[in-house]
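Engineer: What follows is a protein structure lacking sequence information:
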């Protein structure tokens, strides 16, 4: 029997179900002994609430009964029926239940002999109430105490009576549970309160640390889903996911896992600034378990030296450990601990670094969790700002139709625009067109994969993502190449989820990709506006590591005012110019970007840590 089986055995389909929990900094064995055998009614507020509940009995002359919540005391007999232990599964769970007309002042209980009899009880007019106390291991040394309550009734009238009753006493019931759990948490301590005191991986690398700061976050993902985000960190790599303007040169931190960044080694240096070679030396790597960074800085020479070097007279030495602690199959506790040792002349440095680190570390953990849990917002503030700029470009283009001719050949010369290109035969006599281009400092073979994965259902268009999502595209521009998204002849190049896409008719890597949209036959037959369009991406080599990317769009449409408005250049061209130009620049930025390589200090230590 597993932890969750007890109440399923008693009330499989409850009409009321409530669960409360608290995490405590104590091993499960001790917690079990406490919740299973000790008096849990330790809060004065619980006693006061019980006194109010029993006031009518005491006014009628009944003797006061000492109040306690002790599981061991819950016994039911035929002579004195009531709550009783029905499932006892040490050291994990105990389940208690009772059957009665609980909405009455003097509750008539029904005694049952065991859990099976409780589950099968069906006599009309009663409610079945069961609750369980669970102790669930959370990581290496903490526990979760969970209280689950389930109720059902044997017929509809009884359920209505219970529901009216619970509207009155439900607040008190929840209060007792919350108070009980709160008192346990106060007695045993919350895991967060003890985190800075517990030993973590990496502490041994700086045993004489003068100061230490530990911050943690629970992430709803296994360690294997978090680990890649950690090992790809670094300025000029994936960033640090904190406040990019402060620690990544203003470049946005990665929103995707980049496979090419996932193989750091002990001794590598993760650079901390856009310029310069200083950073964090990788001291220990244990895959899916811990990543320990560190640094030893010679304050007088203003340079970083090997972590295991003899300390200079003026120095600053740190470790920065990220430790993954598995809580269960779906949750991980990520601990981030910074430790520092320094010479006496560096004490003032700690005064300003401490608050800055607290700010950055808190932001980093929050943003890491959002990435690992795949809950990043579709559009960030950068997308919104960029979208506003794109809207301004469109507005300017809409107000300057007399510049349409110049815009139609943006980035290319007249000769390039006027010669034949791949896909021209699909729309041989276009009503209007554009030929845009950009030179890229990368080979055509390196640029091709970025072109081959475009589409609203693939890598996006590397353009104004915020604007595209504003009109319902629901896309996210890719940061890396996804080979599985490569377009091939016959595939659909989706422009919008609610608009028919263009069919890929030619794909000749690394030279050209051509997509074509046929006229809508039904629109043609019905005399409605229609259009045929081709969109070609052409890569022209300009050298071994340079090429020109051309985007060529050609369209012919039905005659008539409505056709010209819907498919003509008056409205479409301003939007197309802004989005296409941005797309070309987006491809250029991605193709030219090379992740900053990890550094190596001279004569790296041979035994600084354990490579996993």
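Structural biologist: Sure thing, it's come through. Everything numeric here is computed off the predicted structure, so don't read it as measured data.
Engineer: show me where the stretch 1-150 of the chain has strands.
Structural biologist: 16-24, 84-89, 93-100, 109-110, 127-138, 142-153 (DSSP state E, counting those that start in this stretch).
Engineer: Rebuild those strands as JSON lines, extending it with mean neighbour count.
Structural biologist: Using the backbone N, CA and C atoms, a C-beta is placed for each residue, glycine as well. Formatted as JSON lines, the strands of the stretch 1-150 of the chain follow (neighbours: other Cβ atoms under 10 Å):
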{"stretch": "strand 16-24", "mean neighbour count": "17"}
{"stretch": "strand 84-89", "mean neighbour count": "18"}
{"stretch": "strand 93-100", "mean neighbour count": "23"}
{"stretch": "strand 109-110", "mean neighbour count": "18"}
{"stretch": "strand 127-138", "mean neighbour count": "23"}
{"stretch": "strand 142-153", "mean neighbour count": "22"}
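Engineer: Could I get the contacting residues of residue 575?
Structural biologist: Applying Cβ atoms under 8 Å, 6 or more residues apart in numbering, we find residue 575 in contact with residue 394.
Engineer: does it sit in a helix, a strand or a coil?
Structural biologist: Recorded secondary structure, residue 575: helix (DSSP: H, G, I helix; E, B strand; the rest coil).
Engineer: Show the low-confidence segments of the stretch 101-250 of the chain, by residue range.
Structural biologist: Residues of the stretch 101-250 of the chain meeting the criterion pLDDT under 70: none.
Engineer: these two touch, right, residue 14 and residue 159?
Structural biologist: No - with contact defined as Cβ atoms under 8 Å, residue 14 does not reach residue 159; the gap is 11.0 Å.
Engineer: overlap in contacts of the two?
Structural biologist: Counting by Cβ under 8 Å, 6+ apart, the contacts common to residue 14 and residue 159 are residue 152.
Engineer: Show the average pLDDT along the strand or helix carrying residue 347.
Structural biologist: Using DSSP states H and E, residue 347 falls within helix 347-372. Across helix 347-372, the average pLDDT comes to 94.
Engineer: Name the residues of whichever helix or strand comes after that helix that are buried.
Structural biologist: Using DSSP H and E, the helix or strand that follows helix 347-372 towards the C-terminus is helix 381-398. Buried residues in helix 381-398, counting neighbours by 16 or more other Cβ atoms under 10 Å, are found at 383, 386, 387, 390, 391, 393, 394, 397.
Engineer: Roughly how far does the residue nearest to the second one when sequence neighbours are not counted sit from residue 388?
Structural biologist: In space, residue 386 comes closest to residue 464 once its chain neighbours are excluded; the distance is 5.8 Å by Cβ to Cβ, 6 or more residues apart in numbering. Taking Cβ to Cβ, to the nearest Å as the measure, residue 464 falls 9 Å from residue 388.
Engineer: same check, this time on residue 32
Structural biologist: 58 Å.
Engineer: just residue 283 next, same as before
Structural biologist: 44 Å.
Engineer: same question, residue 498
Structural biologist: As judged by Cβ to Cβ, residue 498 and residue 388 stand 24 Å apart.
Engineer: Check residue 345 too.
Structural biologist: According to Cβ to Cβ, residue 345 and residue 388 sit 49 Å apart.
Engineer: Tell me how the protein divides into domains.
Structural biologist: Domain assignment of the chain by automatic domain parsing yields the ranges 5-192, 203-376, 381-592.
Engineer: just checking, residue 267 touches residue 282?
Structural biologist: Yes - Residue 267 sits in contact with residue 282 when judged by Cβ under 8 Å, with a separation of 6.5 Å.
Engineer: ok, now which ones touch the residue nearest to residue 386?
Structural biologist: Residue 464 neighbours (Cβ under 8 Å, 6+ apart): 383, 386, 387, 389, 390, 578, 579, 582.
Engineer: Kindly recompute the last result at 6 Å.
Structural biologist: 386, 387, 390, 582 (Cβ atoms under 6 Å, 6 or more residues apart in numbering).
Engineer: As CSV, those residues with distance to residue 21 and pLDDT would be great.
Structural biologist: Shown next, in CSV, are the contacts of residue 464 (distance: Cβ to Cβ, whole Å; pLDDT from 0 to 100):
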residue, distance to residue 21, pLDDT
386, 43, 96
387, 42, 95
390, 47, 96
582, 48, 98
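Engineer: Between all of these, which two are at the greatest distance?
Structural biologist: 387 and 582 (10.2 Å; Cβ to Cβ).
Engineer: what number of residues lie near residue 276?
Structural biologist: Burial of residue 276 is recorded as 12 neighbouring residues (other Cβ atoms under 10 Å).
Engineer: what's the spacing between the longest helix along the chain and its chain's center?
Structural biologist: Ranked by number of residues, the top helix in the chain under DSSP state H is helix 156-188. Centroid separation between helix 156-188 and its chain, computed with Cα atoms, centre = their mean, to the nearest Å, is 33 Å.
Engineer: Next, the angle from that helix to strand 16-24.
Structural biologist: Here helix 156-188 runs at an angle of 0 degrees relative to strand 16-24 (axes from the mean of the first three to the mean of the last three Cα atoms, to 10 degrees).
Engineer: now helix 156-188 and strand 142-153, what's the angle there?
Structural biologist: 170 degrees.
Engineer: Against which helices or strands is helix 156-188 packed?
Structural biologist: Secondary-structure packing of helix 156-188 (3 or more Cβ pairs under 6 Å, 6 or more residues apart in numbering; DSSP states H and E): strand 16-24, helix 44-53, strand 142-153.
Engineer: Quick check: neighbours of the longest one in the sheet, parallel or antiparallel?
Structural biologist: Taking DSSP bridges as the criterion, strand 142-153 forms sheet pairs with strand 16-24 (antiparallel), strand 127-138 (antiparallel).
Engineer: just the angle between it and strand 93-100, please?
Structural biologist: Using the same axes, to 10 degrees: strand 142-153 against strand 93-100 is 20 degrees.
Engineer: now the shortest one
Structural biologist: Using the same axes, to 10 degrees, the interaxial angle of strand 16-24 with respect to strand 93-100 works out to 150 degrees.
Engineer: now strand 16-24, how far from the chain's geometric center?
Structural biologist: 24 Å.
Engineer: Pull the residues that contact it.
Structural biologist: Strand 16-24 is contacted from outside by 138, 142-151, 177, 181, 185, 188, 191, using Cβ under 6 Å, 6+ apart.
Engineer: Could you single out the nearest of those residues to residue 125?
Structural biologist: For those, the residue nearest residue 125 by Cβ to Cβ is residue 151; the value is 14.8 Å.
Engineer: partners of that closest one in the sheet?
Structural biologist: Residue 151 forms beta bridges with residue 16, residue 129, as assigned by DSSP bridges.
Engineer: Pretty sure it sits against residue 126.
Structural biologist: No - using Cβ atoms under 6 Å as the test, residue 151 is too far from residue 126 to be in contact (11.1 Å).
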